[in-house]
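A.B. asks: What shape does this take:
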Amino acid sequence: MFDFGDAVDAPEDMAPEAWVIHFKPHKRLYETGNEPALLLRELARLGPCEVSLDTSELCALADLAEPAACLSWTIELNAPVELEAITEIFEFVEGECDLVILPKTDPLADVEESSVGDVDIAALLAAATAPAPILDGPAGGDVDIQALLAMATAPLEPAPVAELAPTPKPVAPVVPAAPPTSSKAAAPAGNSAPASGGQASIRVDLDRIDKLINVVGELVIQQAMLAQSVAECGIAASSTVKVGLEDLEQLSREIQDSVMAIRAQPVKSVFQRMPRLVREVADMTGKHVRLVTEGEATEVDKTVVDRLAEPITHMIRNAIDHGLEDVEGREAAGKPKEGIIRLAALHRSGRIVIEVSDDGRGINRERVRKIAVDRGLIAADANLSNEETDNLIFLPGFSTADTVSDISGRGVGMDVVRRSIQQLGGRISIASTPGKGSVFTMSLPLTLAVLDGMVVRAGGQTLLSPLSSIIESFTPKEGDLHRIGARDWVIRFRDRFLPLIDTGRVLGFSKPDAPEITGRDGIAIVVENEGGSQVALWVDDIQGQRQVVIKSLETNYRKVDGISAATILGDGRVALILDIDALVVLGRQQANQSEFKIAS
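C.D. replies: As a prediction, the model looks like this:
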C-alpha cells in the first residue's frame with residue numbers, strides 16, 4: 001500500500017479540512033460479496049459527503065460479454081478526519097479496488113467532477129508517488145502546479161534523455177514519502193509497496209504454495225519410511241546413523257513448519273470486518289455497543305481464515321441481539337449503558353482459540369429448557385447439566401427469540417456456527433454466568449494440511465481417528481457391553497450408557513463370519529460428534545499417536561462413506577482417516593436396516 005501520510009504540509013496533529021477519494025472497484029470486489037454502497041455509507045458516518053458516480057466505462061448490455069466492474073466513484077468528504085479513519089473503511093477490500101485518497105488542498109485532488117471519468121487513476125498514483133520531473137524555470141523557483149496536473153492526467157511517456165540536465169537537482173516530490181510512524185495511508189488497495197527500510201515481499205500464487213506443501217509432505221513421509229527401514233535392518237543402534245536420522249527428522253519438521261507458515265495469515269482480515277457489523281446491528285437493535293478486539297496479529301492457515309468470517313459474524317450478531325440488554329435493562333442491572341463485545345484470538349497448545357464474549361445477561365437456562373421441551377427436543381424430566389442445557393442453542397431450528405426479525409428468530413445462526421467449526425476440525429464451548437455474560441470459545445487447528453490423530457486397527461485395516469474428536473479410550477470390563485435389539489450395542493462409560501459402533505463391521509472390513517464384539521478383545525474410544533453427543537467406537541487395537549499429512553481421497557479415488565481422507569504412515573502403509581460424524585450416521589443407518597456392508 002502506498003503511503004500518502006505526508007501529503008499535507010501541516011502538523012501531524014492537524015487533519016485536513018476535507019478529503020477527495022477516488023474509488024474504482026474491481027470485479028473481484030463484487031464476487032466476494034462486498035457492496036460499494038456499504039463503503040459509501042460508512043464514509044458518510046465520518047462527515048458530509050458529496051458523491052459523484054462515473055459511468056463512462058458502462059457499455060450496453062448486449063455488448064457485455066462477461067460480468068465486469070464498470071462504475072467508479074469520486075467522494076468529497078468535508079470533515080477534518082484523520083487519514084486512518086478513512087483507510088480503515090477500505091482496509092478489508094484491499095486488493096479488490098483502485099483507491100486514491102488525497103487532501104482536498106492537494107493539486108491532484110482539484111479535478112472537475114464532470115471530468116472524473118477521464119482521469120486515469122493509475123496515472124494519478126504514478127504522479128502522486130514519483131518525484132516530479134525538472135521543470136523549466138529558475139533553480140529553486142516555484143513549481144508550476146498546472147503543469148504537474150497536466151502530467152498526472154495525460155498519458156505517461158518517457159521523457160527524452162537529452163532534455164535532462166547533466167547533473168539534475170531533484171525538485172521536492174509532489175507527495176513526499178511518509179515517515180515510518182504513519183503506516184496507514186491512502187493507497188491503491190490493489191497494490192502494495194514495501195516501506196522504506198522494511199522487509200521486501202513478493203506475491204506467490206496459492207497453487208504454487210499448495211504444491212510446495214504437498215512436496216514437503218512427501219518428504220516427511222519418505223523420512224519416516226527411511227527411519228522405519230533402518231530400524232528393520234538393525235543398524236539404527238549405530239550412534240552415527242541414529243544421530244543422522246534424528247537430524248534429518250528435525251530438519252524435515254522445520255521445513256514442514258516453515259512451509260506451513262507461508263500459508264499463515266493474521267486473523268486481522270476477519271476481525272477488521274466486525275466493527276461495521278457491530279455498528280449496524282447496534283443501530284438495528286437500539287443498543288449501545290462497543291467492540292474490543294485482541295490478538296489481531298495471531299496467524300492461522302489461510303483456509304481457516306477464509307472460513308472464520310461466517311461463524312464469527314453469527315456469534316457477534318447473537319451476542320448483541322440475545323446477550324446484551326437494552327439501555328434500560330443495563331441501567332436496572334447497575335451496568336454501564338454501553339455493552340462490551342470482546343473478540344480475541346490466541347495460540348494455545350498448537351491450536352488457535354477464538355473467543356467471543358459479552359457482558360450481558362447470560363443464557364437463561366430455564367427458558368432454553370422450556371423451549372426445548374415444547375419443541376420435543378428433550379423429555380420434560382430430562383436431567384441436563386448446565387453445559388448440556390447451554391449446548392441446546394446449537395440445535396437446528398432452535399431460537400429463543402420471541403419474533404422473527406432480520407437479525408434472529410429463524411434458528412439457523414448457532415447451528416451454522418457449530419457446523420462450520422466442526423467442518424474445520426474444531427469444537428466450540430460455552431461458559432455462561434447469569435447476569436454477567438457469556439463466553440463462546442472456538443478451538444481450531446492451525447492448518448488443514450496436517451492432522452494429529454490416533455492410529456488404530458479395526459477389521460484388519462489401519463485407520464486414523466482425529467485427536468480433536470477423541471474424549472477418552474479404555475478397555476471395557478466384563479458386563480460393560482450390552483446388546484439393544486438385534487444389532488445395536490451400548491457400553492457403560494462413567495455411570496452412563498453410550499451407543500457403541502463396531503468400526504470394522506460398519507465400514508465393511510470385518511469378515512461376515514467374524515465374532516460379535518463380546519467374542520473378541522478390543523478397545524472402546526469415546527468420541528464426540530458434530531452435534532456434541534458422545535458415542536464409542538470399537539477397535540481391535542491402538543497403535544499410537546501420529547501427526548500425518550492429509551491426502552484427499554476424493555481427488556485420488558472416490559468418496560467413501562465414513563472416511564474423510566487418507567494418509568501414508570512412516571512404514572508405507574495407507575491409513576484411512578475416519579469421518580466421525582459420517583461414521584455415526586452410517587452405523588445408525590445400518591442398524592435400522594439390519595444389514596451391514598461387506599468389503600469388496
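
A.B. asks: hey, where'd the helices end up in the stretch 501-600 of the chain?
C.D. replies: 503-506, 553-556, 580-593 (DSSP state H, counting those that start in this stretch).

A.B. asks: Averaged pLDDT, the last one. What do you get?
C.D. replies: The predicted model gives helix 580-593 an average pLDDT of 78.

A.B. asks: how about that helix: buried residues?
C.D. replies: Buried residues in helix 580-593, counted by 16 or more other Cβ atoms under 10 Å: 580, 581, 582, 583, 584, 586, 587, 590, 591. Bear in mind the C-beta positions are built from the backbone N, C-alpha and C, glycine included.

A.B. asks: measure the second one to residue 422 for me?
C.D. replies: In this case it means residue 581. 7 Å (Cβ to Cβ, to the nearest Å).

A.B. asks: do the fourth one as well
C.D. replies: In this structure, residue 583 lies at 14 Å from residue 422, with Cβ to Cβ as the measure.

A.B. asks: what do you get for the first one?
C.D. replies: Using Cβ to Cβ, residue 580 is found at 9 Å from residue 422.

A.B. asks: Pull out the buried residues from stretch 428-445.
C.D. replies: 428, 430-432, 437-445.

A.B. asks: Please read the previous query as pertaining to stretch 268-286.
C.D. replies: For stretch 268-286, burial by neighbour count (16+ other Cβ under 10 Å) applies to 268-278, 280-282, 285.

A.B. asks: Let me know whether residue 499 touches residue 537 as I believe.
C.D. replies: No - counting by Cβ atoms under 8 Å, residue 499 stays clear of residue 537, with 10.0 Å between them.

A.B. asks: what about the two, which has more around it?
C.D. replies: Between residue 499 and residue 537, residue 537 has the larger neighbour count (other Cβ atoms under 10 Å), namely 28 against 17.

A.B. asks: Can you give me the distance of the more buried one to residue 516?
C.D. replies: Distance from residue 537 to residue 516, by Cβ to Cβ: 16 Å.

A.B. asks: Where does the prediction get shaky in the stretch 101-250 of the chain?
C.D. replies: 106-199, 236-238 (pLDDT under 70).

A.B. asks: quick revisit: would you list the helices of the stretch 501-600 of the chain in JSON lines and tack on distance to residue 365?
C.D. replies: Converted to JSON lines, these look like this (distance: least, Cβ to Cβ, whole Å):
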{"stretch": "helix 503-506", "distance to residue 365": "36"}
{"stretch": "helix 553-556", "distance to residue 365": "42"}
{"stretch": "helix 580-593", "distance to residue 365": "27"}
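
A.B. asks: Quick one, which of those gets closest to residue 216.
C.D. replies: helix 553-556 (18.0 Å; Cβ to Cβ).

A.B. asks: chain center to that closest one: distance?
C.D. replies: For helix 553-556, the distance from its own C-alpha centre to the chain's C-alpha centre is 25 Å (Cα atoms, centre = their mean, to the nearest Å).

A.B. asks: Repeat that for stretch 379-390.
C.D. replies: Distance of stretch 379-390 from its chain centroid, counting by Cα atoms, centre = their mean, is 32 Å.

A.B. asks: May I have the distance across it, first residue to last?
C.D. replies: One end of stretch 379-390 sits 16 Å from the other (Cα to Cα, to the nearest Å).

A.B. asks: What residues sit buried inside that stretch?
C.D. replies: 384, 389, 390.

A.B. asks: what's the answer for stretch 494-505, then?
C.D. replies: In stretch 494-505, the ones that count as buried by 16+ other Cβ under 10 Å are 498, 499, 500, 501, 502, 503, 504, 505.

A.B. asks: Greatest separation within those: which pair is it?
C.D. replies: Most distant of these, by Cβ to Cβ, are 498 and 504, 18.2 Å apart.

A.B. asks: could you pull out the strands for the stretch 501-600 of the chain?
C.D. replies: Under the criterion DSSP state E, counting those that start in this stretch, the stretch 501-600 of the chain contains strands at 523-528, 534-539, 541-549, 563-568, 574-578.

A.B. asks: quick one: strands adjacent to the shortest one?
C.D. replies: What it means is strand 574-578. strand 461-466 (parallel), strand 563-568 (antiparallel) (DSSP bridges).

A.B. asks: got CSV for these, with mean pLDDT too?
C.D. replies: Shown next, in CSV, are the strands paired with strand 574-578 (pLDDT from 0 to 100):
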stretch, mean pLDDT
strand 461-466, 91
strand 563-568, 86
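
A.B. asks: okay if I get those strands as a markdown table plus distance to residue 250 and mean neighbour count?
C.D. replies: Below are those laid out as a markdown table (distance: least, Cβ to Cβ, whole Å; neighbours: other Cβ atoms under 10 Å):
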| stretch | distance to residue 250 | mean neighbour count |
| --- | --- | --- |
| strand 461-466 | 24 | 21 |
| strand 563-568 | 20 | 21 |
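
A.B. asks: Distance to residue 229 added to these, as a markdown table?
C.D. replies: A markdown table is the format used below for those (distance: least, Cβ to Cβ, whole Å):
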| stretch | distance to residue 229 |
| --- | --- |
| strand 461-466 | 18 |
| strand 563-568 | 14 |
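
A.B. asks: before we move on, back to that, now for the strands of the stretch 501-600 of the chain, which one comes closest to residue 206?
C.D. replies: Short answer: strand 541-549, nearest of the strands of the stretch 501-600 of the chain by Cβ to Cβ, at 18.0 Å.

A.B. asks: Buried ones in that closest one, by neighbour count?
C.D. replies: Quick answer for strand 541-549 (16+ other Cβ under 10 Å): 546, 548, 549.

A.B. asks: Please name the residues that touch the last one.
C.D. replies: This points to residue 549. 217, 218, 220, 221, 449, 450, 567, 568 (Cβ atoms under 8 Å, 6 or more residues apart in numbering).

A.B. asks: same thing with the first one?
C.D. replies: Counting by Cβ under 8 Å, 6+ apart, residue 546 makes contact with 452, 453, 454, 455, 464, 569, 570.

A.B. asks: go with 7 Å
C.D. replies: Residue 546 is in contact with 453, 455, 569, counting by Cβ atoms under 7 Å, 6 or more residues apart in numbering.
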